[in-house]
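Trainee: Okay, here's the prediction I keep looking at, along with the sequence it came from:
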Amino acid sequence: MKKYLGKKIFIYLITFFFAVTIDWAIPRFMPGDPVQMLLSRFQGMEGGREIIQAQITASFGLDRPLLEQYFNFWATLFKGDLGTSIYAFPKPVMSVINEAIIFDILLLVPSIILSWIVGNKLGAFSGVNKKADKYLMPVFYFLTSSPYFWFAVVVVFFLGVQLPWFPISNAYSATMRPAFNIDFILDFLHHWFLPFITLFLVQLGGWAIGMRNMIIYEMGSNYSKYMESLGAPEKLIRKYAFRNGVLPQVTGLAISLGNIIAGALTTQIVFSYPGLGFILLKAIQNQDYFLVQGCFLFIIVFVLLANFLVDIVYMLVDPRVRFSYSGEV
Amino acid sequence: MKNHWKVLLGVLLVLLVSTMAFSYERNETLVYGGGLWGAPTNWNPLTPWAEVTGTGGLVYEYLFHYYPLADEYQPWLAVKGEWVSSKVYEVELRKGIKWTDGEAFTADDVVFTFEVAKDNALHYSNVWNWIDSVEAVSPTKVRFTFGDEPHYQEWSVILYDLRIIPEHIWGAKPADEYLTTANANPVGTGPYMADSIGQDRMVWVRNDNWWGNDVFGQPKPKYLVNLVVNSNNVALGMLMKGELDLSNYFIPGVPKIKDTFGLTTWYKGEPYMLSENSALLFLNTTKGAMKDAAFRRALAFAINPEIIVERVFENQVEVANAAGLFGEGWMKYYDEEVVEANGFNYDPKAAIKMLDDNGYVDANGDGWRDDKNGNSMKFEIIVPNGWTDWMESIKVIANNFQAVGINAVPSFPDYGIYMNKIQDGTFDMCINNFASSRSTTPYTYWNWVATDEIYGKLVTDGNYSRYDDAELFTLIREFNMMQNSDAGIMEKASQIQEKLLNAMPSIPLWYNGLWAQSTSSVWKNWSTEDNPTGYPCSWAGKMQFGFVEMLIKLESAQ
């Protein structure tokens, strides 16, 4: 157990170091200059741009040698400082991320987890019930293969515009001011529903198809047949098949959760919903080194954490993994 | 133990229900969008390129407002401004104006706004190259004394473009904060104050003590909610549902749906929108055949802007004149005769003849014209990826060029790469309009399409063509140093136009519009051609063109 964890942690630390280094380097290898970009559309006085350009470049430390910038980056990183955003100047990258990420979490965590649970249940059901399978599979395939952008626009058109039951943009009404009270929460949920349900449905199909195929595979495997020949009840065989089938789904879930920071960019565009995905897109378009590397840092940390969790969960749910590391097999 | 939870839950529930919900009354609120593209983070009037739109205009005010459609100045913080001699300009300030923290606004604030740029490097510090002194003659009078070469034309822009800031606040700030402060609680003299922010909005609340209430009237909306709308489609949906009162987004299809959904645009019919800036095709004059003015002029004759206006913009914009000038402020210097004699129009036959005559023929028989030395030519036209209207436009232009035998292809790099290419000169042709916006003087336009700041590693101030003509630069500089009333100024303007037309380093194509569509379920009496109450533009740095004036004249529709 200790050996297993120790080995894993060491690997994760190395991965973290390289990932963060690449994360620092890539934005800086993009052609172009973020300060130029910031000022590119500013129609100022004659010669005004030159005056401020140097100052702004210096204030971000972008006039220092690259190696120095790299070491500074690590030094400040350990103080929890990710620098100042150029695009959302002068907000610290940390606050930009903090203030936006809440919307991603509120939208993505429920949609991912609920679609995972419901998808697995439906998929398992579809896998063992031929009749239901005939009707459910096309639905799953429709959901998983319809381009999200198109799907969401259709939903908006019918439920937001034709039948104006739901608002089509923003996180809460234009006339609302955020407060902890029932009116605001209801208003928030009203705006949250369409983005949520579209994400939920689109993801549902994928989980269900995965689970259905796993169940069919497991039900046809030797251990199931052996149990069947021993006269074990169908229900028991299904239970074991489900336990085996859910393993790859757990990995998928962890990866999905780890990618939350990358956000649901398309959702944010179609529903004009706030969140980190759109900010990351803007940051990349504007070559905001600090914001780009900050967002990706969070992605790295989340993905690594999620994978680490999967490793631990696997150890708990799959005895084979546990034994293989402790050398008992 | 269980009971404790029940009690706590009960208390929480009561709290939740009884907490007063705060919401803005819809009939007191103007909901608009188009000038805000991310969570608001900056209200610093000294960094106009980064400020939340409205910081200038709603909070910080200007000495004058400028009405581009009438080419008139409206005294604002000033009541009067005049040249008392050719080198002295005096501004009489309005009495009784207060900053929103209660301090009085005086001539010292105006003096400070200028002085602060003398001691610190700010975007307008260069005024001190041609201004000698700014002094408060009395609490309501400021005297500007100019050096030997007053930049009259630039000055005419500064009068309505420089945000006046309070000395008692900014004078107390450390100088290194001038460019770096977010200035989260801006104190200005204007009709609105910052109320609240969200990830997807900026809310302003009316300043009921605004000095202008007695002079112009009070703006009708108590709250202004500026929403971030991430895509034009969503803005369209919101207009259809009446959720946006005013949209400043470019929305394809507006001509088709405007009557169905009761949208108001400036013109009832074509071109629906006011013109806001000139879009030009810049030709890189440091490259191959584009070094040759005759070749560049032939290109101008090959382009059919009518098709772009009709198919891409659905007639929501107008074709540019050959000089690229529009609007009252610029057209007073438009020389029709010069343009008639030296201009261009869509005429592929003429283009073909010019190319043939100048030796641009297909020498190697590959179907495309080659340069004078027989080398094959291929040009790439670039616009940023995702800018769909521009993307379609350069497809048309590439087709036009191909039709006269020139091998040109459209290309859509990401915005960052696009900017990089036009700034470092590695592009062939590009469309751009970043600083060709409406102003009071064509100087701003000329100084952008033909700026002399082209000798550095990067070209960032316009003239992406890198067209190098000392004579033209001198003419533009001299124009800057003339007053509108000077005898030779028309002549100067004509010379500039003639030179630009003959050299054709950039080709004016169309006037990008001031996209504005409004709905009438909450507010009515929008500013239109027939009822010009103001300028329906919420974009940053343009509110002094009449946005507040429009708000004053709005009427509740409920």
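Mentor: Sure, I can see it.
Trainee: list the contacts for the residue lying closest to residue A:105 once chain neighbours are set aside?
Mentor: Excluding the flanking residues, the one nearest residue A:105 by Cβ to Cβ, 6 or more residues apart in numbering or on different chains is residue A:260, at 6.6 Å. For the C-beta atoms, the positions are set from N, CA and C on the backbone; glycine is no exception. Neighbour list for residue A:260: A:101, A:104-105, A:108-109, A:112, A:302 [criterion: Cβ atoms under 8 Å, 6 or more residues apart in numbering or on different chains].
Trainee: let's see it at 7 Å
Mentor: Neighbouring residues of residue A:260 by Cβ atoms under 7 Å, 6 or more residues apart in numbering or on different chains: A:104-105, A:108, A:302.
Trainee: Just confirm residue B:30 is within a helix.
Mentor: No. Residue B:30: not assigned to a helix; according to DSSP: H, G, I helix; E, B strand; the rest coil it is strand.
Trainee: so it bridges to which residues?
Mentor: Per DSSP bridges, the residues bridged to residue B:30 are residue B:224.
Trainee: List buried residues within the contacts of residue A:260.
Mentor: A:104, A:108, A:302 (16 or more other Cβ atoms under 10 Å in any protein chain shown).
Trainee: ok, those residues vs chain B, which is closest?
Mentor: residue A:104 (10.8 Å; Cβ to the nearest Cβ).
Trainee: who in the stretch 151-300 of chain B is up against chain A?
Mentor: Taking Cβ under 7 Å from any Cβ of the partner chain as the criterion, the stretch 151-300 of chain B approaches chain A at residues B:154, B:179-180, B:182, B:196, B:198-200, B:225, B:227, B:229-231, B:234, B:237-238, B:240-241.
Trainee: rerun at 8 Å
Mentor: B:151, B:154, B:157-158, B:179-182, B:196, B:198-201, B:203, B:225, B:227-231, B:233-234, B:237-238, B:240-241, B:243 (Cβ under 8 Å from any Cβ of the partner chain).
Trainee: Filter these down to just the ones in strands.
Mentor: Counted as lying in strands by DSSP state E, out of those, are B:196, B:198, B:201, B:203, B:225, B:227.
Trainee: residue contacts, the last one?
Mentor: Spelled out, it's residue B:227. Shown in contact with residue B:227 (Cβ under 8 Å, 6+ apart): A:169-170, A:174, A:272, B:31-33, B:36, B:200-201, B:244.
Trainee: Once you drop chain neighbours, what's closest to it?
Mentor: residue B:33 (4.4 Å).
Trainee: Run a quick check on that neighbour versus residue B:243, I expect a contact.
Mentor: No. Using Cβ atoms under 8 Å, residue B:33 is not in contact with residue B:243; the gap is 9.9 Å.
Trainee: And those two? Which one has more around it.
Mentor: Taking neighbours as other Cβ atoms under 10 Å in any protein chain shown, residue B:33 and residue B:243 compare with residue B:33 leading, 28 against 24.
Trainee: And that one, what's its pLDDT?
Mentor: Residue B:33 is assigned a pLDDT of 96 by the prediction.
Trainee: distance of it from residue B:52?
Mentor: Going from residue B:33 to residue B:52 by Cβ to Cβ, to the nearest Å gives 13 Å.
Trainee: now residue A:65
Mentor: Separation of residue A:65 from residue B:52 (Cβ to Cβ): 35 Å.
Trainee: between those two, who's got more neighbours?
Mentor: Each of residue A:65 and residue B:52 has its neighbours counted (other Cβ under 10 Å); residue B:52 has more, 25 against 8.
Trainee: Next up, the contacts around the spatially closest residue to that one that is not a sequence neighbour.
Mentor: Leaving aside its sequence neighbours, residue B:52 sits nearest to residue B:40 (Cβ to Cβ, 6+ apart; 4.3 Å). Residue B:40 makes contact with B:52, B:197, B:201-202 under the criterion Cβ under 8 Å, 6+ apart.
Trainee: just checking, residue B:515 touches residue B:249?
Mentor: Yes. If you go by Cβ under 8 Å, residue B:515 and residue B:249 touch, sitting 5.8 Å apart.
Trainee: Tell me which of those two has more neighbours.
Mentor: Taking neighbours as other Cβ under 10 Å, residue B:515 and residue B:249 compare with residue B:515 leading, 25 against 21.
Trainee: who are the neighbours in contact with the more buried one?
Mentor: Contacts of residue B:515 (Cβ under 8 Å, 6+ apart): B:34, B:247-251, B:273, B:316.
Trainee: 10 Å instead, please
Mentor: B:34, B:232, B:235, B:247-251, B:254, B:265-266, B:272-274, B:276, B:316-317, B:536-537, B:539 (Cβ atoms under 10 Å, 6 or more residues apart in numbering or on different chains).
Trainee: These in strands, which ones?
Mentor: Checking these against DSSP E, those in strands are B:247, B:274, B:276.
Trainee: I'd like those residues as CSV, with neighbour count appended.
Mentor: Rendered in CSV, the data for the ones in strands among the contacts of residue B:515 read as follows (neighbours: other Cβ atoms under 10 Å in any protein chain shown):
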residue, neighbour count
B:247, 27
B:274, 25
B:276, 24
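Trainee: list the buried ones in the helix or strand harbouring residue A:140?
Mentor: Residue A:140 is part of helix A:130-145 when elements are defined by DSSP states H and E. The neighbour-count check on helix A:130-145 (16+ other Cβ under 10 Å) flags A:133, A:136-137, A:140, A:143-144 as buried.
Trainee: Likewise for stretch B:232-246?
Mentor: Here stretch B:232-246 shows B:232-241, B:243-246 as buried, counting by 16+ other Cβ under 10 Å.
Trainee: Between all of those residues, which two are at the greatest distance?
Mentor: B:233 and B:245 (18.5 Å; Cβ to Cβ).
Trainee: circling back: tell me the one of the buried residues of helix A:130-145 nearest chain B?
Mentor: residue A:143 (22.4 Å).
Trainee: Any idea what residue B:93 is bridged to?
Mentor: Beta-bridge partners, per DSSP bridges, of residue B:93: residue B:78.
Trainee: which residues does the residue most central in space within chain B contact?
Mentor: With distances taken as Cα atoms, centre = their mean, residue B:437 lies nearest the centre of chain B, 4.5 Å away. By Cβ under 10 Å, 6+ apart, the residues touching residue B:437 are A:43, B:68, B:275-278, B:327, B:444-445, B:448, B:512, B:514, B:539, B:541-542, B:545.
Trainee: is the top helix by length along chain A up against chain B anywhere?
Mentor: The single longest helix within chain A, with elements called by DSSP state H, is helix A:182-219. Yes. Using Cβ under 10 Å from any Cβ of the partner chain, helix A:182-219 reaches chain B at A:182-187.
Trainee: Among those residues, name the buried ones.
Mentor: The buried subset of the residues of helix A:182-219 next to chain B (16+ other Cβ under 10 Å) comprises A:183-185, A:187.
Trainee: I'd like to know which of the residues you listed is nearest to residue B:111.
Mentor: residue A:184 (46.5 Å).
Trainee: Report the distance from the longest helix of chain A to the chain centre.
Mentor: 14 Å (Cα atoms, centre = their mean, to the nearest Å).
Trainee: Show me what that helix packs onto, helices and strands only.
Mentor: Using 3 or more Cβ pairs under 10 Å, 6 or more residues apart in numbering or on different chains; DSSP states H and E, the elements in contact with helix A:182-219 are helix A:93-128, helix A:130-145, helix A:148-155, helix A:222-229, helix A:234-258, helix A:265-270, helix B:2-18.
Trainee: you'd agree residue B:186 is up against residue B:59?
Mentor: Yes. Assessed by Cβ atoms under 10 Å, residue B:186 is found in contact with residue B:59 at 4.7 Å.
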